[in-house]
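**Student:** For reference, the sequence and a predicted model appear below.
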Amino acid sequence: MKTKSLPSIALLSGCCTALLAAVAFAAPATEGMTKGKVEFKSLGPIAFGPEGILFAADSRSAAITAIATEDTEPLEGAAPPNVEGIDRQIAAVLGTEPDQLLVNDMAVNPASGRVYLAVSRGRGDGAVPVLLRLDKENAPEIVDLSQVLSSRAVLPDAPPDAEVSDGRRSSNPRLESITDIAFFEDRVLVAGLSNEEFSSAFRAIPFPFRTVENGTSVEIYHGAHGRFETRSPVRTFVPFVLGTEPHLLAAYTCTPLVQLPIKQLVPGAQIKGKTIAELGNRNRPLDMIVYKKDGKDWLLLANSSRGVMKIETHGIEESAAIEEPVSGGGIAGLPYETLSDWEGIEQLDRLDDSRAVVLRRSGSGSLDLAAMALP
Amino acid sequence: MKLAGRQRSTPQLPPPFLFRLAGGLLLAASGSGVPLCGAESGAPPAQSQEPPSIRWSTPSGADVAPKVELTGLPEDSLRIIGDWAPDAKAWKDMLAVYAAAPGQTLSGNVPAMAGTYRVALGKVEFEPRFPLQAGLDYRAILKPGQIPGAGFEDPEQVAVLRLPAEKREPVTGVSAVFPSASTLPENLLKFYFHFSNSMSRGELYSHLRLEHSGGAQVDLPFLELNEELWDSERKRVTVFIDPGRIKRGLRPREEAGPALEEGQSYVLVIDAGLLDGSGLPLREAFRKTFRAGPPDTTPPDPSLWDLSLPRSGSREPLVASFGESLDHALALRLLEVVTAEGMTVAGNAELGVQESRWTFTPSTEWIPGDYRIHVPNILEDLAGNQVGRTFDVDIFDEAKPLRPEKLTVIPFRIR
């Protein structure tokens, strides 16, 4: 697709969301990639770029790996993705039990419509990261990474692979957990959270990856509660276009929803995002997607305690920033609707123009994968 | 549940290892194989030739994984099978392995375990891709009717392997929690928990709680992140207090009220159910009792630190007293001693006195000269205030960047 096909607000990628690749992409997506085996120390979040390129975050290695999946065409005759007990299915393939499985992320490859899952087989010693996808019959299959084209960007401040042994420190336990990634136009956007300093590390890494420039972190602030929350980490985000201007919608760990122009994401910048909604306390944002329906633009945001919220993003640019204390339960800003039939959603991604794919925890505790009509 | 590694599990199979199938049949396994043809299926196939059979091969070598062997195949069948692509569906239609908890019935739509098929030395072999897990049944199922070029008929044959679950006593405990003080600012930002062994991920917040001294639980005090902020060895985890629940100024941040309030006593609890890296619970629950004190809204100021200087020619420690507790991880990681030439001085740093005193012992004797302590400005106190910057401030009221410099330098001289 080309830029001209962009709707006024339309969605590009997202957290764990797919890119509709609605932008011109100058260099071949596989530029600079080499063929070989791809290995991870940890896997997820994941997101798709153009031409079936998968971006996989490896927090333990402080790296993003771009993988040419060669999955670039729709799978003929594929069933709609609906799998009850996807956790049990995956565990069976991995020869283990669902309680030994951690599903770290899910993403739809927009080039093929296939669902990919980043999991950990095991939770403790001997845990193995595994990338799977659904085959034609919706059975999970392990993606063979033994001979693929890939490239890798190592984040700045990466912890050393080996222990530092200069006698002064025995090791560097600092680790940055990558909380979300997305591809936008020509860069990979990465939100991370350190296990030491409490700070917002948000990076824009040019893609194809260059050897030197791995992106510089920017600090994004948001107004909330009458004061500026500084350094709070972005939990999940989605790029989208307002008019012709690319923006980010970012949800913080403490639930303000913030909007900012992507062009402000320049190395070393201190950016103040506009807080457009306050989604309340005791609530963690989990995942979000944007879509268009009935001529309007919508945001779906999955939360830990409020279910999935549907927010109309039309008029976001005119909405007033929230800069005053929010009282009475802590919800303010853009109006939203909580979708009663979208309970237990842990992961979201767009499947196509009219459907989303979700991972939802059922009442019995099993994890189901389902295609749902966008509300 | 423990994930059995190949190295650990295989040699521990007692020869012969006896176990019971769902049908009540006791089957013997030895260190060299598990002969199980037709174990659950009743009559063997009605063939005139020796029927094919499957068994688990469990070699005793530490690095050799158990695998399934299919023997007794006619030459024609082997030739056809040898031409199958490695990922052909026909392999699984003929021979597949299913993992299940003992006693669990296999449902029709559960996929087979991933692994590698090959033809070798007149046999078909299946090697599971992942190590087998102790305590689970690995059920190899052969469908003779799917063997090409031979005209065998079902019923299917089953061979089950179960690696015995090890019975072990819990060995892991909480080795330290920082901050270590018993009075902590009510705007405390985080805790670090150190464990004596590597831990499992995924259930941290189910086993972690904050209680009032009376025993009532503080509701959702922590920032519960799916990622769980472990270090790469999974021996230390960082837990943030939910920033929305930290009291600022005169009022709590949220209507829910602050997680910690000055004057109140609390107990931080990790129950014994948290699993270590080998799947065992902790030796015992961990409890840290502390009192919430006044908020700390003052950034750390290295210019106020009290230095105790060593003598030249000695390996006496350089001691910096902060006058307050600082973040354990950041103070240990960030502070450096640098020579006038800019070389980092090698040595060992420790924190003491409730993380308020930094003691640096050099690897070699101090040489007279000028030195500096480098204090990166991301160093935090217990409330997340950084050098020159409070945790929570309106930086956009400032016309210039609040803190352009990244480093504060404390000069000192060894005479």
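**Tutor:** On my side now, so go ahead.
**Student:** show me what contacts residue 138?
**Tutor:** No chain in the question, so chain A it is. Counting by C-beta atoms under 8 Å, 6 or more residues apart in numbering or on different chains, A:N138 makes contact with A:A79, A:P81, A:N82, A:V83. C-betas here are computed from N, CA, C, even on glycine.
**Student:** I was after chain B.
**Tutor:** B:Y138 touches A:G95, B:W56, B:P66, B:V97, B:Y98, B:A99, B:M113, B:P128, B:L132, B:V160, B:L161, B:R162, counting by C-beta under 8 Å, 6+ apart.
**Student:** and the fourth one, how many neighbours?
**Tutor:** It stands for B:V97. Residues contacting B:V97 under the criterion other C-beta atoms under 10 Å in any protein chain shown number 27.
**Student:** and it, what are its bridge partners?
**Tutor:** B:V97 forms beta bridges with B:A140, as assigned by DSSP bridges.
**Student:** what does the last one give?
**Tutor:** In this structure, B:R162 bridges to B:D137 when assessed by DSSP bridges.
**Student:** now the second one
**Tutor:** Beta bridges link B:W56 to B:V34, B:V68, judged by DSSP bridges.
**Student:** how much space between it and B:E125?
**Tutor:** Separation of B:W56 from B:E125 (C-beta to C-beta, to the nearest Å): 11 Å.
**Student:** higher neighbour count, these two?
**Tutor:** A count of neighbours by other C-beta under 10 Å puts B:W56 above the other of B:W56 and B:E125, at 22 against 18.
**Student:** Give me the common contacts of B:W56 and B:E125.
**Tutor:** With C-beta under 8 Å, 6+ apart, B:W56 and B:E125 have common neighbours B:K67, B:V68, B:E69.
**Student:** Could you dump these into TSV with pLDDT and neighbour count added?
**Tutor:** Shown next, in TSV, are the shared contacts of B:W56 and B:E125 (pLDDT from 0 to 100; neighbours: other C-beta atoms under 10 Å in any protein chain shown):
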residue	pLDDT	neighbour count
B:K67	94	21
B:V68	96	26
B:E69	96	20
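**Student:** any chance of those residues in a markdown table, plus distance to B:E227?
**Tutor:** Shown next, in a markdown table, are the shared contacts of B:W56 and B:E125 (distance: C-beta to C-beta, whole Å):
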| residue | distance to B:E227 |
| --- | --- |
| B:K67 | 36 |
| B:V68 | 37 |
| B:E69 | 42 |
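**Student:** Which of those residues sits closest to B:I378?
**Tutor:** Nearest to B:I378, judged by C-beta to C-beta, of the shared contacts of B:W56 and B:E125 is B:K67 at 51.7 Å.
**Student:** Give me the below-cutoff pLDDT ranges for the stretch 201-350 of chain B.
**Tutor:** For the stretch 201-350 of chain B, the stretches with pLDDT under 70 are B:247-256.
**Student:** quick one: the strands in it?
**Tutor:** With DSSP state E, counting those that start in this stretch as the criterion, the stretch 201-350 of chain B has strands at B:208-212, B:229-230, B:236-240, B:265-270, B:286-293, B:306-308, B:318-321, B:336-339, B:347-352.
**Student:** Let's have these in JSON lines, adding mean neighbour count.
**Tutor:** Output for the strands of the stretch 201-350 of chain B, formatted as JSON lines (neighbours: other C-beta atoms under 10 Å in any protein chain shown):
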{"stretch": "strand B:208-212", "mean neighbour count": "17"}
{"stretch": "strand B:229-230", "mean neighbour count": "24"}
{"stretch": "strand B:236-240", "mean neighbour count": "23"}
{"stretch": "strand B:265-270", "mean neighbour count": "18"}
{"stretch": "strand B:286-293", "mean neighbour count": "17"}
{"stretch": "strand B:306-308", "mean neighbour count": "12"}
{"stretch": "strand B:318-321", "mean neighbour count": "20"}
{"stretch": "strand B:336-339", "mean neighbour count": "17"}
{"stretch": "strand B:347-352", "mean neighbour count": "17"}
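**Student:** A:V154 is nearest to which of those strands?
**Tutor:** strand B:229-230 (19.9 Å).
**Student:** mind putting the strands of the stretch 201-350 of chain B in a markdown table, distance to chain A included?
**Tutor:** A markdown table is the format used below for the strands of the stretch 201-350 of chain B (distance: least, C-beta to the nearest C-beta, whole Å):
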| stretch | distance to chain A |
| --- | --- |
| strand B:208-212 | 14 |
| strand B:229-230 | 4 |
| strand B:236-240 | 4 |
| strand B:265-270 | 16 |
| strand B:286-293 | 18 |
| strand B:306-308 | 18 |
| strand B:318-321 | 12 |
| strand B:336-339 | 8 |
| strand B:347-352 | 5 |
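**Student:** possible to save the ones you listed as JSON lines with distance to A:V357?
**Tutor:** Formatted as JSON lines, these follow (distance: least, C-beta to C-beta, whole Å):
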{"stretch": "strand B:208-212", "distance to A:V357": "32"}
{"stretch": "strand B:229-230", "distance to A:V357": "28"}
{"stretch": "strand B:236-240", "distance to A:V357": "31"}
{"stretch": "strand B:265-270", "distance to A:V357": "36"}
{"stretch": "strand B:286-293", "distance to A:V357": "40"}
{"stretch": "strand B:306-308", "distance to A:V357": "59"}
{"stretch": "strand B:318-321", "distance to A:V357": "54"}
{"stretch": "strand B:336-339", "distance to A:V357": "49"}
{"stretch": "strand B:347-352", "distance to A:V357": "48"}
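**Student:** nearest to A:V103, of those?
**Tutor:** Comparing the strands of the stretch 201-350 of chain B by C-beta to C-beta, strand B:229-230 comes nearest, at 17.7 Å.
**Student:** Given that closest one, what are its sheet partners and their directions?
**Tutor:** strand B:236-240 (antiparallel).
**Student:** What segments of the stretch 51-200 of chain A are strands?
**Tutor:** Taking DSSP E, counting those that start in this stretch as the test, the strands found in the stretch 51-200 of chain A are A:53-58, A:63-68, A:101-108, A:115-121, A:128-134, A:140-142, A:148-154, A:176-184, A:187-194.
**Student:** Return the nearest residue of the stretch 51-200 of chain B with respect to chain A.
**Tutor:** B:S200 (3.6 Å; C-beta to the nearest C-beta).
**Student:** contacting residues around that residue?
**Tutor:** B:S200 makes contact with A:R123, A:G124, B:R234, B:L274, B:L275, B:D276, B:G277, B:G279, according to C-beta under 8 Å, 6+ apart.
**Student:** Same list, those, but as JSON lines with distance to B:P299 please.
**Tutor:** Shown next, in JSON lines, are these (distance: C-beta to C-beta, whole Å):
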{"residue": "A:R123", "distance to B:P299": "39"}
{"residue": "A:G124", "distance to B:P299": "39"}
{"residue": "B:R234", "distance to B:P299": "32"}
{"residue": "B:L274", "distance to B:P299": "34"}
{"residue": "B:L275", "distance to B:P299": "39"}
{"residue": "B:D276", "distance to B:P299": "38"}
{"residue": "B:G277", "distance to B:P299": "38"}
{"residue": "B:G279", "distance to B:P299": "43"}
